[in-house]
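Visitor: predicted coordinates and the sequence they were generated for:
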Amino acid sequence: MNRRSFIRDLGVSAGVLPFVSGLPGLQAASGSGALAKRLIIMFSPNGTVPEEFWPEVGEDGKVRYGRILKALEPWQQHVTTLRGVHNKVKGDGDQHMRGMSCLLTGEELFSGNIQGGGNTPAGWARNISIDQELKNFYQSQAATQTRFGSLELGVAVPNRADPWTRMSYAGPNQPVAPISDPDVMLSKLYGQMKDKDTLQSVIDLLNDDLKTVSRSLGSEDKALFDQHITLVRDIETELQRSDAQDELNHPIPDIDPEVEVLNDNTPRLSRMQIDLLVSAMANGMSHIGSLQFMRSVGQARMNWLGIDEGHHSLSHEPDKNKEAVEKLVKINEWFAGELAYLTKRLAETPEPGHSGTMLDHTLVIWLNELGKGNNHTHADIPFLTVGGKAHGIESGHHHQFDSVAHNRLWLSVAESMGHQMDTFGQAKLCEGGALAI
């Protein structure tokens with residue numbers, strides 16, 4: 001029997017639908033019964049140092065990391081590097097602008113009046129970004145809807161809006177700003193308490209209907225359904241307490257509101273943001289997230305690494321400047337260390353309500369707007385994935401592709417999330433379909 005027909009014939013409220021959504025006797029389970037998969041996109045700017053980023057594959061087939069990826073060695077079985085993936089989107093805007101705002105959209109920028117360091121001036125992106133596309137896909141289905149369809153977190157992203165600071169787009173000409181202040185993000189996630197009286201009355205209203213449904217079910221369904229009623233009663237008791245808090249799968253991170261959003265505090269702010277992102281996903285608030293470090297052409301001075309020069313200026317130094325190269329390696333080592341911390345947090349957090357860890361059900365992608373800073377290349381963008389076991393991603397490998405467009409990578413990611421698309425962004429750059437990763 002269909003679940004809607006069942007509650008209609010019983011004459012009970014449609015409010016009980018969420019309680020029967022997983023009962024096998026009512027054929028109400030989702031198509032595959034699979035858990036919702038998560039996606040986190042992590043961005044760092046100004047290119048990498050290819051010689052120290054790309055791993056070597058020995059004759060024995062083993063993947064050996066250079067200096068930049070050393071922090072990820074404990075998680076190497078979960079990591080895959082993707083070389084030979086290029087951003088082939090052309091059009092208006094300088095390399096940094098197109099590198100940043102075409103990175104997740106796979107489409108040209110609009111014409112505009114924002115002048116970069118070269119090329120013609122440009123405006124915002126012409127297309128939705130892949131994270132927002134997947135957000136809309138998940139939010140369109142009851143089984144994967146969340147309170148926040150996506151969460152965009154920043155770390156030291158300056159308070160300005162231009163194509164160098166935005167990689168996520170809700171649609172053409174619709175940039176999405178990341179939140180860089182952990183205190184603001186904490187307030188967004190946990191600051192609003194539900195109206196307890198209203199929620200209490202809803203529970204009271206549903207209780208009689210829930211009992212009616214329970215009496216009409218078979219033994220297997222009844223056992224599952226009664227678990228829901230017990231949960232409702234537990235919540236009801238919790239709400240009656242004056243200091244009631246929503247039941248969370250994962251505790252709220254301890255965020256220090258006294259830490260100001262300053263450059264020197266970046267390491268502390270980064271860990272706060274990562275903790276908040278993992279916490280929010282553990283509590284089912286979102287399945288899609290992004291973590292943006294700084295911005296394209298950013299001049300962050302990473303004093304905590306003993307580096308006084310601006311990041312972008314260093315990235316423009318020639319390869320023969322060994323001191324500058326060494327500093328760029330240290331900067332990218334630090335970004336890799338933050339990714340390692342994110343990986344650790346996901347790996348040590350049990351998958352809420354299921355076996356395994358959050359890392360098993362989360363695909364993390366680390367990327368950059370440039371392959372190399374001093375030549376502004378869009379070739380060999382440093383794409384790297386972590387996790388994705390549930391997505392069908394083969395981890396622990398190094399893939400060498402033959403100059404493929406990054407649009408095809410986004411087709412692969414969408415496919416791994418259950419969203420089948422023939423094209424994303426420029427159709428001509430999708431020829432060959434999804435990459436085999």
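Guide: On my side now, so go ahead. Since we're looking at a predicted model, the values are computed, not measured.

Visitor: wait, isn't G118 in contact with D94?
Guide: Yes - taking Cβ atoms under 8 Å as the definition, G118 is a contact partner of D94 at 4.9 Å. In short, each C-beta sits where N, CA and C put it, glycine included.

Visitor: where does the residue nearest to G396 when sequence neighbours are not counted sit: helix, strand or coil?
Guide: Closest residue in space to G396, ignoring its immediate chain neighbours: Q77 at 4.6 Å, by Cβ to Cβ, 6 or more residues apart in numbering. Assigned with DSSP: H, G, I helix; E, B strand; the rest coil, Q77 falls in the helix class.

Visitor: hmm, Q77 is touching S395, no?
Guide: Yes - between Q77 and S395 a contact is recorded at 6.1 Å, counting by Cβ under 8 Å.

Visitor: and those two? which has more neighbours close in?
Guide: S395 (19 against 8; other Cβ atoms under 10 Å).

Visitor: what residues go with each domain of this protein?
Guide: As given by automatic domain parsing, the domain ranges for the chain are 1-33+195-245, 34-193+261-430.

Visitor: which stretch among those comes nearest P251?
Guide: Closest to P251 of the domains of the chain is domain 34-193+261-430 (Cβ to Cβ; 7.3 Å).

Visitor: how about L103, phi and psi?
Guide: Note on L103: backbone dihedrals following degrees, to the nearest 10 are phi -60, psi -50.

Visitor: now do the one 5 residues further on
Guide: Reported as degrees, to the nearest 10, the phi and psi values for E108 are phi -60, psi 160.

Visitor: how many neighbours does the nearest residue to it once chain neighbours are set aside have?
Guide: Excluding the flanking residues, the one nearest E108 by Cβ to Cβ, 6+ apart is G91, at 3.4 Å. As a burial measure, G91 scores 17 neighbours (other Cβ under 10 Å).

Visitor: and V386, which of the three is it?
Guide: Assigned with three-state DSSP, V386 falls in the strand class.

Visitor: mind listing the strands for the stretch 151-300 of the chain?
Guide: 168-171, 174-176, 288-293 (DSSP state E, counting those that start in this stretch).

Visitor: out of those strands, the one nearest K70 is which?
Guide: Closest to K70 of the strands of the stretch 151-300 of the chain, according to Cβ to Cβ: strand 288-293, at 18.5 Å.

Visitor: and the closest one, what does it pack onto?
Guide: Secondary-structure packing of strand 288-293 (3 or more Cβ pairs under 8 Å, 6 or more residues apart in numbering; DSSP states H and E): strand 38-43, helix 130-139, strand 150-155, helix 266-282, helix 322-347.

Visitor: other SSEs contacting the third one?
Guide: Read that as strand 150-155. helix 130-139, helix 266-282, strand 288-293.

Visitor: in CSV: those, plus mean neighbour count and distance to L151.
Guide: Output for the helices and strands packed on strand 150-155, formatted as CSV (neighbours: other Cβ atoms under 10 Å; distance: least, Cβ to Cβ, whole Å):
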stretch, mean neighbour count, distance to L151
helix 130-139, 23, 10
helix 266-282, 22, 6
strand 288-293, 26, 5
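
Visitor: which of these has the lowest average pLDDT?
Guide: If you rank these by mean pLDDT, helix 266-282 sits at the bottom with a mean of 92.

Visitor: quick one, helices of the chain?
Guide: Listed in chain order, the helices of the chain (DSSP state H) span 3-10, 17-20, 50-53, 95-101, 130-139, 182-190, 196-215, 219-239, 266-282, 311-315, 322-347, 406-416.

Visitor: among those helices, which is the most enclosed?
Guide: For these, the stretch with the most neighbours on average is helix 95-101, a mean of 27; neighbours defined as mean count of other Cβ atoms under 10 Å.

Visitor: for that one, what is the average pLDDT?
Guide: The model assigns helix 95-101 a mean pLDDT of 96.

Visitor: same question, stretch 310-328
Guide: For stretch 310-328, the per-residue pLDDT averages 97.

Visitor: what's it in contact with?
Guide: Applying Cβ atoms under 8 Å, 6 or more residues apart in numbering, the contact partners of stretch 310-328 are 45-49, 294, 297-302, 305, 307, 309, 331, 370, 373-374.

Visitor: quick one, which of the residues you listed are buried?
Guide: Buried residues within the contacts of stretch 310-328, counting neighbours by 16 or more other Cβ atoms under 10 Å: 45-49, 294, 297-298, 300-302, 307, 309, 331, 370, 373-374.

Visitor: which ones are touching R64?
Guide: By Cβ under 8 Å, 6+ apart, the contact list for R64 reads 55-58.

Visitor: now do 7 Å
Guide: When contacts are counted by Cβ atoms under 7 Å, 6 or more residues apart in numbering, R64 touches 55-56, 58.

Visitor: pLDDT wise, what is it at?
Guide: pLDDT recorded at R64 is 96.

Visitor: let's see stretch 173-183 as PDB, backbone CA atoms only.
Guide: In PDB, the C-alpha atoms belonging to stretch 173-183 read as follows (Å, rounded to 0.1, in the frame of the first residue of the first chain):
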ATOM      1  CA  ASN A 173      25.300  36.900 -12.200                       C
ATOM      2  CA  GLN A 174      24.500  35.500  -8.700                       C
ATOM      3  CA  PRO A 175      27.800  35.200  -6.700                       C
ATOM      4  CA  VAL A 176      27.500  33.500  -3.300                       C
ATOM      5  CA  ALA A 177      29.600  35.100  -0.500                       C
ATOM      6  CA  PRO A 178      31.400  32.800   2.000                       C
ATOM      7  CA  ILE A 179      31.100  33.600   5.700                       C
ATOM      8  CA  SER A 180      34.600  34.100   7.100                       C
ATOM      9  CA  ASP A 181      33.800  35.000  10.700                       C
ATOM     10  CA  PRO A 182      33.300  31.800  12.800                       C
ATOM     11  CA  ASP A 183      31.100  33.700  15.300                       C
END
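
Visitor: what are the buried residues along it?
Guide: 175-176, 178-183.

Visitor: what is the nearest of those residues to F137?
Guide: The nearest one, if we look at those relative to F137 and count by Cβ to Cβ, is V176, at 16.1 Å.

Visitor: which residues does the closest residue to the closest one other than its chain neighbours contact?
Guide: Spatial nearest neighbour of V176, excluding adjacent residues (Cβ to Cβ, 6+ apart): S168 at 4.0 Å. Contact partners of S168, counting by Cβ under 7 Å, 6+ apart, are 104, 129, 131-132, 152, 176, 290.

Visitor: those residues into TSV, with extra columns for distance to A122?
Guide: TSV is the format used below for those (distance: Cβ to Cβ, whole Å):
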residue	distance to A122
L104	16
S129	16
D131	21
Q132	20
E152	22
V176	18
S290	22
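
Visitor: where in the stretch 1-150 of the chain is pLDDT low?
Guide: For the stretch 1-150 of the chain, the stretches flagged by pLDDT under 70 are 1-8, 12-34.
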